[in-house]
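# Sequence and predicted model, in that order:
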Amino acid sequence: MSLWEYANPVKFLRLSERVLPWLWGLSAVCLVVGLVWGFFFTPDDFRQGSTVKIIYLHVPSALMAINAWFMMLVASLIWIVRRHHVSALAARAAAPVGVVMTLIALFTGAIWGQPMWGTWWAWDPRLTSFLILFLFYLGYIALWEAIEDPDTAADLTSILCLVGTVFAVLSRYAVNFWNQGLHQGASLSLDKEENVADVFYQPLLLCIAGFVLLFFALVLYRTGTEIRVRRTRALIAREGKLA
Amino acid sequence: MRALLLRDLRLALRAGGGFGLGLAFFLIVIVLVPFSVGPAAELLGRIAPGVLWLGALLACLLSLDRLLAVDWEDGALDLLATSPLPLEGVLAIKAVAHWITTGLPLVVAAPVFGVLLNLASPGYGVLVLSLLLGTPALSMIGAFGAALTVGIKRGGLLLSLLVLPLYVPILIFGAEAARRGAEGLDPTTPLLMLAGITGVVLALMPFAAGAVLRVNLR
């Protein structure tokens, strides 16, 4: 029993059908509990007031925006090396989810930045690199849409994903050089002593867990849809044009 | 390889608009800037390094969709792919030809256009140097983009969507070097970064472009 067994679409679908209800349910529970807890049962920050609560949407979505690209990178590598179709389809399925996460992070950031920084948008390194990440997502999706042959599209987008990753990381550090930051540093990390206070930290962790589970559920669901779409196409091709 | 380079250069020259078109586009962008932001000399001088870099970048982008498309349509690309020359080499040569016909004229003409934008006098040398270091990478990344989109009808718009984000680091360091030069600051750091990026791009990008083109020729 190895992970590679699920490169078989039938086994993948069977597994995902078994896992999906749990993923949906768990992510819903985490998100509802985390958000309600965060929004209504945590104190206001003494300087930021209630605006601090946007952290429960902003941080998890920003985290998943980056991790979604990372997942696409891994899936692309698996496709290039082992040529499992499910992997290519998973990368394709993750991209729109990643775009939405990026947009949520950008918009919640803008909504928070307006009262706090006095501006909706600043050309700050973190904000700018997120905008660039958004552009990379757009290009990746556009390339998938533009090419008809699925294998060619998978190959080309995988290589674009690899090249894009290098340049996205490069841009991330280049913009640091280009402008000084307004955005605060990391408020959560595993190796640092100072994190946000525990009252905010616990519901935040729950929200992050909810977003992670939601991301996996969406990707599994969308991958399943892609597999079925491709099956339908194969059937139509085999039976001849349907009337 | 030299034969291919000469062939590409000759084609670009004789087809008309090889050297001229990119340059004319660059000039038009530069002329439009004062119309859009006003003719105040002080403001123009301040934004000149960035505008010149942006103009050069767009002019480079303009001719990219023809970089491989012509050879793709008449089948010359298939012939090149079956030739003993590795596909990576073919693409590198194509990028060099593109740079000679587009990038090099821009580098030469940039100081003249700098005068139009009231660029500060210490900035000219650094501007030329930064463009000289940066534009080869623009052409090479462009060759990668052209190889990605060569099979797609009307891939020009998609090409710019794919290629422009990849240009970001080069634009940042190039324009920063030109700005520092114009303000009389030391431009060494951004120039070194720019040279480093260009070196890596020239060394590795042909392989990515070759892999992509091989998929498209399959």
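Noted; the coordinates are in hand.

# drop to CA atoms for contacts and neighbour counts, all remaining ones
Fine.

# What's the local residue count around B:Pro39?
12 (other CA atoms under 10 Å in any protein chain shown).

# For my notes, confirm it occurs in a helix.
No. Under DSSP: H, G, I helix; E, B strand; the rest coil, B:Pro39 sits outside any helix and is assigned coil.

# mind listing what it touches?
Applying CA atoms under 8 Å, 6 or more residues apart in numbering or on different chains to B:Pro39 gives no contacts.

# And for B:Leu166?
A:Gly164, A:Phe167, A:Ala168, B:Ile141.

# Tell me where chain A is predicted with low confidence.
Filtered on pLDDT under 70, chain A yields the residue ranges A:1, A:45-47, A:49, A:179-182, A:184-198, A:241-243.

# got the residues of it near chain B?
Contact residues, chain A versus chain B (CA under 8 Å from any CA of the partner chain): A:132, A:135-136, A:138-140, A:142-143, A:146-147, A:152, A:155-156, A:159, A:163-164, A:167-168, A:170-171, A:174-175, A:178.

# Which single one of the contacts of B:Leu166 is nearest to A:Val219?
A:Gly164 (20.8 Å; CA to CA).

# isn't A:Met64 right next to A:Phe211, touching?
Yes. The pair A:Met64 and A:Phe211 passes the contact test of CA atoms under 8 Å, sitting 7.2 Å apart.

# Would you report the backbone torsion angles of B:Asp186?
Backbone torsions of B:Asp186, given as degrees, to the nearest 10, read phi -80, psi 120.

# what mean pLDDT does stretch B:100-119 have?
Averaged over stretch B:100-119, pLDDT sits at 87.

# Helices along chain A, start to end?
A:9-40, A:55-82, A:85-117, A:125-146, A:150-178, A:198-239 (DSSP state H).

# Between those, which one is closest to B:Gly155.
Among the helices of chain A, if distance is taken as CA to CA, the winner is helix A:125-146, at 8.5 Å.

# buried set for the closest one?
A:125-144, A:146 (16 or more other CA atoms under 10 Å in any protein chain shown).

# near chain A, anything from the host helix or strand of B:Leu91?
Using DSSP states H and E, B:Leu91 falls within helix B:87-98. No. Between helix B:87-98 and chain A, judged by CA under 8 Å from any CA, nothing touches; the nearest distance is 14.9 Å.

# Quick check: next helix or strand after that helix?
Next element after helix B:87-98 (DSSP H and E): helix B:104-116.

# Compute the distance between the residue of chain B most remote from its centre and B:Leu52, please.
What lies farthest from the middle of chain B is B:Ala40; by CA atoms, centre = their mean that is 29.2 Å. According to CA to CA, to the nearest Å, B:Ala40 stands 17 Å off from B:Leu52.

# and the closest residue to A:Pro9 other than its chain neighbours, what does it touch?
Counting by CA to CA, 6 or more residues apart in numbering or on different chains, A:Val86 is the residue found nearest to A:Pro9 once chain neighbours are left out, at 6.4 Å. With contact taken as CA under 8 Å, 6+ apart, A:Val86 is in contact with A:Ala7, A:Asn8, A:Pro9, A:Thr223, A:Ile227.

# what does chain B have sitting close to chain A?
So far as CA under 8 Å from any CA goes, chain B lies against chain A at B:148, B:152, B:158, B:161-162, B:165-166, B:168-169, B:172-173, B:176, B:208, B:212, B:215-216.

# Report the angle between the helix or strand of chain B with the lowest mean pLDDT and helix B:87-98.
The weakest-scoring helix or strand in chain B, judged by mean pLDDT, DSSP states H and E, is helix B:2-14 (a mean of 75). Angle of helix B:2-14 versus helix B:87-98, following axes from the mean of the first three to the mean of the last three CA atoms, to 10 degrees, is 40 degrees.

# Run a quick neighbour tally on B:Leu80.
Neighbours of B:Leu80 using other CA under 10 Å come to 15.

# Likewise for A:Val212?
Around A:Val212 there are 20 residues (other CA under 10 Å).

# that older thread, in a markdown table, list the helices of chain A along with distance to B:Gly89.
Below are the helices of chain A laid out as a markdown table (distance: least, CA to CA, whole Å):
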| stretch | distance to B:Gly89 |
| --- | --- |
| helix A:9-40 | 39 |
| helix A:55-82 | 22 |
| helix A:85-117 | 29 |
| helix A:125-146 | 25 |
| helix A:150-178 | 19 |
| helix A:198-239 | 37 |
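
# how about the ones you listed, which one is nearest B:Leu6?
helix A:150-178 (29.6 Å).

# Report the buried residues of that closest one.
In helix A:150-178, counting by 16+ other CA under 10 Å, buried: A:152-165, A:167-168, A:170-172, A:174-175, A:178.

# contacting residues around A:Thr157?
A:Ser76, A:Tyr140, A:Leu143, A:Trp144.
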